[in-house]
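Chemist: let me see the structure of the following:
(chains A and B)
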Amino acid sequence: GENVEQHPSTLSVQEGDSAVIKCTYSDSASNYFPWYKQELGKRPQLIIDIRSNVGEKKDQRIAVTLNKTAKHFSLHITETQPEDSAVYFCAASHTSGNTGKLIFGQGTTLQVKP
Amino acid sequence: DTAVSQTPKYLVTQMGNDKSIKCEQNLGHDTMYWYKQDSKKFLKIMFSYNNKELIINETVPNRFSPKSPDKAHLNLHINSLELGDSAVYFCASSQGASGSYEQYFGPGTRLTVT
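Modeler: Predicted coordinates for the structure are as follows:
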């Protein structure tokens, strides 16, 4: 069935460094790829998303790239800050007829050391 | 102004009991979801409703029964609770049912079954 693999499961960086999280998906029909950030004890919240007709999208310090041919997409965070510490989830849409769902990756725990 | 709210926030109960979790959204969205987040943080969709109609029903035990009295509310009733049901349950909503819209999550209900 549909599957999203996310790596790494944990990532520790020094404040100011960059962080990269990678995901691969199995459903070639997926056309929507959001990234969610979940701080400890809080709800997941969308930080950036990309659709299949776009290869890259940027929003200040975060960017997402999509390679449809290889079926993988990545989250890039530059100039990391301690408040970036959280669990990050990638997801890919899976549609059947008129309904769809998000398939989430396993999550990456990012720790930014001051 | 809370967009997606859930009650209760914490639920501690014994095996065999029946419990309910309630969710409400004031975003005017047509689609609502229930997710289960286990101890490894994995987010898995359980159910989805669109305009009060069940559209996604993953392989969830029959002990779990969702109900949507109107499109702003989605409740989850769990019968005969088991230890393995311990998790955080998130409600979410989105503008449409295609899987290609941002999903707004509630604060979660932490269920502990003893």
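
Chemist: who does the strand or helix carrying B:W34 pair up with?
Modeler: Mapping B:W34 onto the secondary structure by DSSP states H and E places it in strand B:31-37. Partner strands for strand B:31-37, per DSSP bridges, with pairing direction: strand B:43-50 (antiparallel), strand B:87-94 (antiparallel).

Chemist: how many residues are close by the nearest residue to A:S26 once chain neighbours are set aside?
Modeler: Among residues not flanking A:S26 along the chain, A:N3 sits closest, at 4.5 Å (C-beta to C-beta, 6 or more residues apart in numbering or on different chains). C-betas here are computed from N, CA, C, even on glycine. A:N3 has 12 neighbouring residues, counting by other C-beta atoms under 10 Å in any protein chain shown.

Chemist: going by residue numbers, what spans are strands in the chain?
Modeler: Reading this off chain A. A:4-7, A:10-14, A:19-25, A:32-38, A:45-51, A:56-59, A:62-67, A:72-77, A:86-96, A:99-104, A:108-113 (DSSP state E).

Chemist: ah, I was thinking of chain B
Modeler: Under DSSP E, chain B gives strands at B:4-7, B:10-13, B:19-25, B:31-37, B:43-50, B:53-57, B:64-70, B:73-78, B:87-94, B:104-105, B:109-113.

Chemist: buried residues in the third one?
Modeler: Within strand B:19-25, the residues scored as buried using 16 or more other C-beta atoms under 10 Å in any protein chain shown are B:K19, B:I21, B:K22, B:C23, B:E24, B:Q25.
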